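**Student:** Coordinates for the following, if possible.
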Amino acid sequence: MPGDKSIAHRYAIFAALAHGVSKISDYAPGADCQSTLACLRALGVDVKSVGADAFTVVGRGFGRLCSPSAALDAGNSGTTMRLLAGVLAGHPFSTTLHGDASLSRRPMRRVVEPLQTMGARIEAVDGHPPLTIHGGRLHGISHRPATPSAQVKSAVLLAGLHAEGTTTVAEPAATRDHTERAIQAFGGTAAVDNLTIAVAGGQRLEGRELSVPGDVSSAAFWLVGAAALPGSRVEIDGVGLNPTRTALLDVLRRFGARVDVHLTESDAGEPRGRIIVEHDRSGELEIGPDEVPGLIDELPAIAALAAHGGRVVVRGAAELRVKESDRIATLVAGFRALGIDADERPDGFAVSGSPGAARGGGVADARGDHRMAMAFAIAALAADRPCRIEGADAVAISYPDFFETLERLRTEGDARSRA
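**Tutor:** Next up, the predicted model:
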């Protein structure tokens, strides 16, 4: 698998804030993580390629980034924008962060408001990018976000590392904890007490050598394909097994798949290993609000399960409407275009399929959303006629080799079936 997007962003940013040289291997190859590297270079960080998907980063320390000569372009990456907003809030200069048309529609008030409370001044366009951040001296706060968000949590913690005193974030539900683990990996301290995380300002981080585990959110599409297609079995090595990211595996078991997990190693506090998923039967799934924070990136893949038979209902996922696209509307429209029964709901969707039903020949529009393009591809495997996906080049955002890998898996599967 390509390197994990969430971890790659964080390793690059913490390496830039540490003292000394860091080496990051197996860095995520997609456009989003390249946007983070480009922004760091514009902030005076020495980032050099030292091989395929490997970089060295010469850290500058907290508060020592340079004022950029132009606005920083986050591209399509909400993670880049939100996390760097937290970093730049603690620097004594003004910076503008902007992005593409999709990112410019994404809400930023949830990150702007706590950073302003800490002492930064931030200008936005009706709560949306571009963001102009006038940073400076910050003070620690206790923040209780209304909506679970790992990006907002991370932005506040990054600002807290630049602030006087202690900053705490009390989450309403658990979100991915890569930021807390990365702080510790670089020699810092993040105190975790159930859903509350605290960091003290004035810490010193040290550069180190790290490798990024495989991206389990990208692996989700292959795991779903194996779970959904009779006769299928997929084995994925070196994939991240962070417990805040593996809720999908229990979902696949509930649907009826056979799932085996083997932990092989842990690097910098991030466990990794092997996942094997094999089709057994198709069932029904209902995913409620309590499960959504741990599955937010995997929900499009999970929806594709039902395209092959069974039923998937998701509730409490209104957050999907403010991703790279309105993922609820895009998913339902695309599945219907492919002949799959799908219903849109205010905070979710319902998808139903029947095994062996004649489908295909439709055109699904991914609307520039990488996860929609991949979900439609896995759903289209259920069709008996060709399907077309518009905007499929969006996979370059996170998984540039997705379609090449899909073709390889199909070719190998066909060869084994003939044997």
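**Student:** quick one: low-confidence parts of the stretch 51-200 of the chain?
**Tutor:** Residues of the stretch 51-200 of the chain meeting the criterion pLDDT under 70: none.
**Student:** Identify the residues contacting Glu286.
**Tutor:** 313-315 (CB atoms under 8 Å, 6 or more residues apart in numbering). The way it works is simple: take the backbone N, C-alpha and C, and place the C-beta from them, glycine included.
**Student:** care to break the chain down by domain?
**Tutor:** Under the assignment automatic domain parsing, the domains of the chain span 5-211, 216-418.
**Student:** if we can go back for a sec, closest to Gly187 out of the contacts of Glu286?
**Tutor:** Checking those against Gly187 with CB to CB, the nearest one is Val314 at 40.0 Å.
**Student:** Tell me what that closest one is bridged to.
**Tutor:** Beta-bridge partners for Val314, by DSSP bridges, are Ile287, Phe349.
**Student:** That one and Pro289 touch, don't they?
**Tutor:** No - the criterion here is CB atoms under 8 Å, and Val314 misses it with Pro289 at 9.6 Å.
**Student:** Neighbour count for those two, which is higher?
**Tutor:** Val314 (25 against 14; other CB atoms under 10 Å).
**Student:** how close does that one sit to Arg41?
**Tutor:** In this view, Val314 and Arg41 are 39 Å apart by CB to CB, to the nearest Å.
**Student:** Can you point out the buried residues in stretch 280-287?
**Tutor:** Neighbour-count burial for stretch 280-287, counted by 16 or more other CB atoms under 10 Å, picks out 282-283, 285, 287.
**Student:** So which of those residues sit within strands?
**Tutor:** Using DSSP state E, the subset of the buried residues of stretch 280-287 located in strands is 285, 287.
**Student:** Need the buried residues of stretch 280-287 in CSV (columns: distance to His91).
**Tutor:** Formatted as CSV, the buried residues of stretch 280-287 follow (distance: CB to CB, whole Å):
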residue, distance to His91
Ser282, 53
Gly283, 52
Leu285, 45
Ile287, 40
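**Student:** Which of the buried residues of stretch 280-287 sits closest to Leu115?
**Tutor:** For the buried residues of stretch 280-287, the nearest to Leu115 is Ile287 (31.9 Å; CB to CB).
**Student:** And the helices in the stretch 51-200 of the chain?
**Tutor:** For the stretch 51-200 of the chain, helices defined by DSSP state H, counting those that start in this stretch occupy the ranges 78-88, 109-118, 150-161, 178-185.
**Student:** can you list contacts of the second one?
**Tutor:** The set of residues external to helix 109-118 that reach it, using CB under 8 Å, 6+ apart, is 82, 85-86, 89, 122, 124, 127, 131, 133, 138-141, 143, 145-147, 149, 151-152, 155-156, 159-160, 163, 167.
**Student:** next one: that helix to chain centre, how far?
**Tutor:** 22 Å (CA atoms, centre = their mean, to the nearest Å).
**Student:** Which positions within it qualify as buried?
**Tutor:** The neighbour-count check on helix 109-118 (16+ other CB under 10 Å) flags 110-112, 114-115, 118 as buried.
**Student:** Return the member of those residues nearest to Leu229.
**Tutor:** Among the buried residues of helix 109-118, and counting by CB to CB, the member closest to Leu229 is Arg110, at 38.6 Å.
**Student:** quick one, strands of the stretch 1-150 of the chain?
**Tutor:** Assigned by DSSP state E, counting those that start in this stretch, the strands in the stretch 1-150 of the chain fall at 19-25, 46-49, 55-60, 72-73, 94-98, 121-125, 128-134, 142-143.
**Student:** Buried ones in the fifth one, by neighbour count?
**Tutor:** Think strand 94-98. Quick answer for strand 94-98 (16+ other CB under 10 Å): 95-98.
**Student:** Let me have the residues you listed in TSV, adding distance to Val216 as columns.
**Tutor:** Output for these, formatted as TSV (distance: CB to CB, whole Å):
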residue	distance to Val216
Thr95	32
Thr96	34
Leu97	28
His98	30
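**Student:** Pull the most distant pair out of those residues.
**Tutor:** Farthest-apart pair in the buried residues of strand 94-98 is Thr95 and His98; separation 10.5 Å (CB to CB).
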